[in-house]
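S.K.: no sequence for this one, just the structure:
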């Protein structure tokens with residue numbers, strides 16, 4: 001079941017109005033209901049410089065609980081760190097973790113809630129775990145007869161590219177069978193998850209509503225006013241993230257433990273480049289980075305003229321510099337495959353295929369996905 005709230009045609013010259021910033025429409029949907037929020041530090045109404053939780057409480061909405069995803073409610077926890085249940089100091093609203101062993105609200109936690117609102121900035125990559133959180137929360141809402149509302153935001157990596165996740169490679173970094181770059185807003189993705197029947201067996205379709213944006217269309221650039229996670233501090237890191245995340249399954253550093261993560265690549269060996277950096281424990285970024293306290297040699301991508309999308313040039317270049325050695329994958333082949341959503345990419349790299357040859361192998365799956373995607377678009381292309 002789906003309801004769209006305030007769908008409008010984008011006007012390029014006008015300022016983008018986020019779903020959350022259409023506060024009158026949002027509060028009208030929530031009036032008299034007990035509300036749960038799935039939010040983090042990006043859940044801000046930028047026109048008022050106010051967090052959604054604070055805005056709803058000020059408007060008299062009965063917020064019963066915040067469900068905190070990876071990195072926590074305020075977005076300060078390290079990647080993979082357990083998030084403890086707590087209480088918001090400003091509002092007194094309880095905060096319940098849905099990251100770690102528990103990935104969605106339980107039936108007990110939803111008992112006194114009528115509707116769950118999702119408002120988190122995505123970056124458009126399948127392995128960015130907030131969209132997996134959205135999937136699991138939708139399942140929980142479907143199973144327990146609760147409404148689910150998405151407050152939509154732009155996709156800053158608005159491309160359709162990369163391998164589609166294959167059967168057998170489902171994980172928290174690849175919950176749904178979509179390309180590495182899915183080319184959807186979170187509202188559109190929620191529609192696809194619902195419409196394609198991807199909620200687990202036994203779950204009914206989710207009672208979904210999307211509060212759309214105004215004045216945005218696919219392909220319009222969007223620069224994030226709040227960093228979406230601790231290690232994506234600026235627009236360059238967001239652009240490079242889809243291409244550099246593969247290095248997380250190798251011994252190479254991509255700048256975690258520096259002030260410019262996802263903007264450099266290196267390893268403690270001079271053959272990998274002239275640029276040097278040393279990852280350290282860095283509060284607010286990463287306390288235990290790859291190659292911690294070791295001088296790494298490689299490349300600096302802070303000023304690299306990359307328009308965004310997906311490229312394999314970095315992975316292929318460093319693989320070849322390593323001597324075409326399968327040990328490049330650091331005995332973490334399974335992790336690389338889960339990030340890719342398939343084992344085909346790793347095997348193609350080892351076989352020596354070019355980027356063009358690898359891309360050609362994705363094309364039929366991408367064509368089928370693009371045809372399906374059209375059914376769920378809310379904004380002009």
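M.R.: Sure, I can see it. Keep in mind that what you see is a predicted model, and the values were worked out from it rather than measured. Numbering: from 1, shown residues only.
S.K.: Please give me every residue in contact with the most centrally placed residue in the chain.
M.R.: The centroid of the chain falls nearest to residue 128 when counting by C-alpha atoms, centre = their mean (3.1 Å). Applying C-beta atoms under 8 Å, 6 or more residues apart in numbering to residue 128 gives the contacts 122, 241. (Glycine included, C-beta is placed from N, CA and C.)
S.K.: Distance check, it against residue 257.
M.R.: 20 Å (C-beta to C-beta, to the nearest Å).
S.K.: With residue 127 instead?
M.R.: 20 Å.
S.K.: swap in residue 171?
M.R.: 25 Å.
S.K.: neighbour-wise, which of these two wins?
M.R.: Under the neighbour definition other C-beta atoms under 10 Å, residue 171 and residue 257 were set side by side, and residue 257 has more, 23 against 16.
S.K.: pLDDT at the more buried one, what is it?
M.R.: Per-residue confidence (pLDDT) for residue 257: 96.
S.K.: what do you get for the one 3 residues further on?
M.R.: According to the per-residue confidence, residue 260 scores 97 in pLDDT.
S.K.: likewise residue 1?
M.R.: 51.
S.K.: again, but for residue 76
M.R.: 46.
S.K.: ditto for residue 251
M.R.: According to the prediction, residue 251 has pLDDT 94.
S.K.: Please name the nearest non-neighbouring residue to it.
M.R.: Leaving aside its sequence neighbours, residue 251 sits nearest to residue 330 (C-beta to C-beta, 6 or more residues apart in numbering; 4.6 Å).
S.K.: can I assume that neighbour is in contact with residue 249?
M.R.: Yes - contact status for residue 330 versus residue 249: in contact at 6.9 Å, counting by C-beta atoms under 8 Å.
S.K.: what are the bridge partners for residue 148, then?
M.R.: Beta-bridge pairing of residue 148 under DSSP bridges involves residue 116, residue 208.
S.K.: quick one on the thing from earlier: and what about the residue nearest to the centre of the chain, helix, strand or coil?
M.R.: Using DSSP: H, G, I helix; E, B strand; the rest coil, the structure places residue 128 in coil.
S.K.: cool, and residue 260?
M.R.: coil.
S.K.: which ones are touching the closest residue to it other than its chain neighbours?
M.R.: The shortest distance from residue 260 to any non-neighbouring residue, by C-beta to C-beta, 6+ apart, is to residue 302 (5.6 Å). Residues near residue 302 by C-beta under 8 Å, 6+ apart: 236, 260, 263, 264.
S.K.: of all the residues you listed, which two lie farthest apart?
M.R.: Spatial extent of the contacts of residue 302 (C-beta to C-beta) is set by the pair 236 and 264 at 10.5 Å.
S.K.: where's residue 124 relative to residue 132, distance?
M.R.: As defined by C-beta to C-beta, residue 124 lies at a distance of 14 Å from residue 132.
S.K.: For those two, indicate the residue with more neighbours.
M.R.: Ranked by neighbour count (other C-beta under 10 Å), residue 124 and residue 132 place residue 124 first, with 27 against 21.
S.K.: So the more buried one is in contact with residue 160, correct?
M.R.: No - applying C-beta under 8 Å, one finds residue 124 not in contact with residue 160, separated by 9.7 Å.
S.K.: Can you check which residues contact both of these two?
M.R.: Common contact partners of residue 124 and residue 160 (C-beta under 8 Å, 6+ apart): 181, 182, 183.
S.K.: would you list these in TSV and tack on distance to residue 39, pLDDT and secondary structure?
M.R.: Rendered in TSV, the data for these read as follows (distance: C-beta to C-beta, whole Å; pLDDT from 0 to 100; DSSP: H, G, I helix; E, B strand; the rest coil):
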residue	distance to residue 39	pLDDT	secondary structure
181	24	98	strand
182	21	98	strand
183	24	98	coil
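S.K.: Which of the residues you listed has the largest number of neighbours?
M.R.: For these, neighbours tallied by other C-beta under 10 Å; top is residue 182, 27 neighbours.
S.K.: hey, what's that residue bridged with?
M.R.: Beta-bridge partners of residue 182, counted by DSSP bridges, are residue 160.
S.K.: From residue 381, how far out is residue 223?
M.R.: Counting by C-beta to C-beta, the gap from residue 223 to residue 381 is 20 Å.
S.K.: which helix of this protein spans the most residues?
M.R.: helix 355-373 (DSSP state H).
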